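Peer 1: Need coordinates for the below:
(chains A and B)
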Amino acid sequence: MKIKRKIFFGFFTLVLLLAAAAAYSIFEFYKISSTVNAFLDNNYMTIQASKNMMEAVEREDSGILLLLIGDFDNGRRNINIGDSLFLVSYKKAMNNLTEDGEEAYLDSIDFHYQKLKNIVKYPIVGTIKQGNVDWYNSKFHPVFLDLKKYINQLMILNQTSMYREAKLLEEKAKRAIMPAIVSIIAGIIFTLIFNYLINYFYLSPLKRIINKINISDSATMYTLDENAIDELKDLDMSIRNVIDHKKSY
Amino acid sequence: MRIPLIIKYLGSIFLFLSFFLLISLIIGIFNHEDTILIFSFCVILCALFGLFTNMFVPHFPVINTKEGISIVVLGWFLVCLLGAIPYLLWGGEFSLINAWFESVSGFTTTGSTILNDIESLPKSILFWRSATHWIGGLGIIIFAILILPGKESRGHILLNTELSEIAKQTFNFSGRKILRMLFIVYVGLTLAETILLTVFGMSLFDAVNHSFATVATGGFSTKNLSIAYYDSVPIEVTIMIFMVLSGLHFGLLFQTFAFGPRNILRSTVAKYFIIVLISGVLLVTLNLYLNGYGSFLYSLRFASFQVISLGSTTGFATADSAHWPFFSILLLIYFTIQCACIGSTSGGLKFDRIVIFFKTLSKQIKKTLHPQAIIIKKIDTQSISDNLENQTLVFIILYLLIIFVSTGLLTLMDVDILSAFSGAAATIGNVGPGFERVSSLGNFHNIPSAGKFIYTCNMLIGRLEIFNILLFLSLRKERF
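Peer 2: Got it, this is the predicted structure:
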């Protein structure tokens, strides 16, 4: 093979190596960005919805307590705000089912919320329930606690999944960097080998030819590797011809 | 020494490896796994390096011994380094040291693993693990010679370096004939075991992987529980038969199957090896039975598998022998040190050296009694030369010294003595599992990183039979 082709092939190899590593890393980084999006879409929205549901039921609880002390206006307002916030958040969570078991938790939340609503729909102010702490403790509070428990479990489910995704993200970042590291090391080793081979097969013989040229005697001239079939061999032959030609004069 | 020639050969080895990486890539594509990019990248890396060196460096008709030693030692080292890249790119449990450990363990057919959950790995990575065993079992250099075109002399130098002195003497063939014979036996055993395991209910993928690991006397399984996962007597018996066959001299196996004059039944070493294995099985069985492990047959089932597995340096497991009575553990440690026969795929001390050691011992006793006597000891028809006796004794001493030094270093890292010692013996013998923390159903995950590195050095030393490493290191003193 001719020197030109060999050197071209060497650089081509290097370029291909770096291109492969770059393509690999870019693809892995692209995967990281899609994981981040999925991570936000899948879990963060549901966690936010769970927090809002929690706030909503807390509001409804404070509404009930206000009704118990006879503050009808503030009590009802709190319950209505809580109710609308709960329904919006519940709908959001229901439209974003991504984890195994998430639907079951949402069904339980819905069931307990309906139970809570059934208790709240009857009047409190002006009835025997007003000021009745026992009624609150025995009827409302247990349902309220159950509801909070399921909302909390939904939140934990999504937080765990978020943690898992974050761990996966760390893994993916490593995977994206690794090919680049491997390529850099391989590239350095390859460059050193390439440099060594050029020096061994071309520069070193060239230097020896130049050193011997002054002797102007083809018989004592440095002999190239007999297997060489490249431009150096041509140069060697040309110089020998010139020397022989000069000698014949 | 001509460095370009060494580079050219290393390139050829890389080119050969890229073929197995390509198979892993195809498995990845077929199973829609996340490893497609990993293996594509590795194939490109290997193939480019291999093609470049082969195109750039011209043909060298002759190799000298120093170049041969350099090609073999550097070849093994670089192959292990390259084999770690797919693991490193996969991540998970594979940190830098873990990937190196798994790769060295694979290529040297040790079979020790750092993985806690093997079954979570994709099939393409599992295949690559087993492929490293299969490539390393016959010897990466032997594969390289097989695929490289060229003169007999070049292959001969490399073969001389790859095979130990005793192995060469016992083959009774020369040059490429040995290679062809080794290849035929190796592929034949692999195919036969794959077919039998498939017949006995293993999936084709698992059968191929387990056959690769058995015939190479490796021990990597595709299951966390190793062979215990299958809980099948026919599968265990099949694997046991192939473990014994793979632990025997391949030249003898070839001659046996070809109805040649030198066969297993006529070989002293093979006979002794089988007798020692049977004795070991019976002793461990009795020890387990008398200690209430279960019925005699139940004890025999597990004892035979564990003894043959360690005695052939494979390292598969059907039981956690770390919880066995101490006498059984001691016997199993003996089999870990003894290893299998020369001329097989096993590494380590090799049983032939033990036979030579005892023959030398008996010769020395006779010489003391009859100082004027000329005593010639023989193994079958071949006499044991003084040089071979000396070599064997030096080898055994060095071997034991390395075990003790590495045990000492491991204990400095707070590894308990049984784990450190059995781990050192199992890694230099290319056996795989040890006891306690590194037991047959355990792994090397919790060994400190420096300890893992020491174990990988042991594996390479065991695989290259110490002298090649020493020769290579002594080359540094000479002029390049």
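Peer 1: So which residues of chain A form helices?
Peer 2: A:3-39, A:45-68, A:72-94, A:102-120, A:133-135, A:141-198, A:204-213, A:231-248 (DSSP state H).
Peer 1: what's the most buried one of the ones you listed?
Peer 2: Of the helices of chain A, the one with the most neighbours on average (mean count of other C-beta atoms under 10 Å in any protein chain shown) is helix A:45-68, at a mean of 20. Every residue, glycine included, has its C-beta placed from N, CA and C.
Peer 1: Does anything pack onto that helix? Which helices or strands?
Peer 2: Contacts defined by 3 or more C-beta pairs under 8 Å, 6 or more residues apart in numbering or on different chains; DSSP states H and E place helix A:45-68 against helix A:72-94, helix A:102-120, helix A:141-198.
Peer 1: quick one, which of the ones you listed is nearest to chain B?
Peer 2: Nearest to chain B, of all the helices and strands packed on helix A:45-68, is helix A:141-198, at 5.1 Å by C-beta to the nearest C-beta.
Peer 1: how about the closest one against chain B, any contact?
Peer 2: Yes: on the criterion C-beta under 8 Å from any C-beta of the partner chain, helix A:141-198 is in touch with chain B at A:171, A:174-175, A:178-179, A:182-183, A:186, A:190, A:193-194, A:196-197.
Peer 1: Turn the helices of chain A into TSV, columns for mean pLDDT.
Peer 2: Formatted as TSV, these follow (pLDDT from 0 to 100):
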stretch	mean pLDDT
helix A:3-39	82
helix A:45-68	90
helix A:72-94	90
helix A:102-120	88
helix A:133-135	84
helix A:141-198	87
helix A:204-213	76
helix A:231-248	76
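Peer 1: Please identify which of those helices is closest to B:Ile342.
Peer 2: Among the helices of chain A, the nearest to B:Ile342 by C-beta to C-beta is helix A:141-198 (35.5 Å).
Peer 1: quick one, the closest one and helix A:102-120 angle?
Peer 2: On the basis of axes from the mean of the first three to the mean of the last three C-alpha atoms, to 10 degrees, helix A:141-198 is oriented at 160 degrees to helix A:102-120.
Peer 1: if I pick B:Ile433, what's in contact with it?
Peer 2: Careful, residue B:433 is Pro; it's not Ile. B:Gly111, B:Ser112, B:Gly219, B:Leu310, B:Gly315, B:Ala317, B:Ala426, B:Ser439, B:Ser440, B:Gly442 (C-beta atoms under 8 Å, 6 or more residues apart in numbering or on different chains).
Peer 1: ignore the last one, B:Tyr399
Peer 2: B:Gly348, B:Leu349, B:Ile428, B:Ile466.
Peer 1: part of a strand, is the second one?
Peer 2: Think B:Leu349. No: assessed with DSSP: H, G, I helix; E, B strand; the rest coil, B:Leu349 is coil; it does not lie in a strand.
Peer 1: so who does the nearest residue to it once chain neighbours are set aside touch?
Peer 2: Excluding the flanking residues, the one nearest B:Leu349 by C-beta to C-beta, 6 or more residues apart in numbering or on different chains is B:Cys339, at 4.9 Å. Listed by C-beta under 8 Å, 6+ apart, the contact set of B:Cys339 reads B:Gly311, B:Thr313, B:Ser346, B:Gly347, B:Gly348, B:Leu349, B:Lys350, B:Phe351, B:Gly429, B:Asn430, B:Val431.
Peer 1: okay, now B:Asn430: neighbour count?
Peer 2: 33 (other C-beta atoms under 10 Å in any protein chain shown).
Peer 1: Which pLDDT value goes with the nearest residue to it once chain neighbours are set aside?
Peer 2: Among residues not flanking B:Asn430 along the chain, B:Gly347 sits closest, at 3.2 Å (C-beta to C-beta, 6+ apart). On the pLDDT scale, B:Gly347 is placed at 78.
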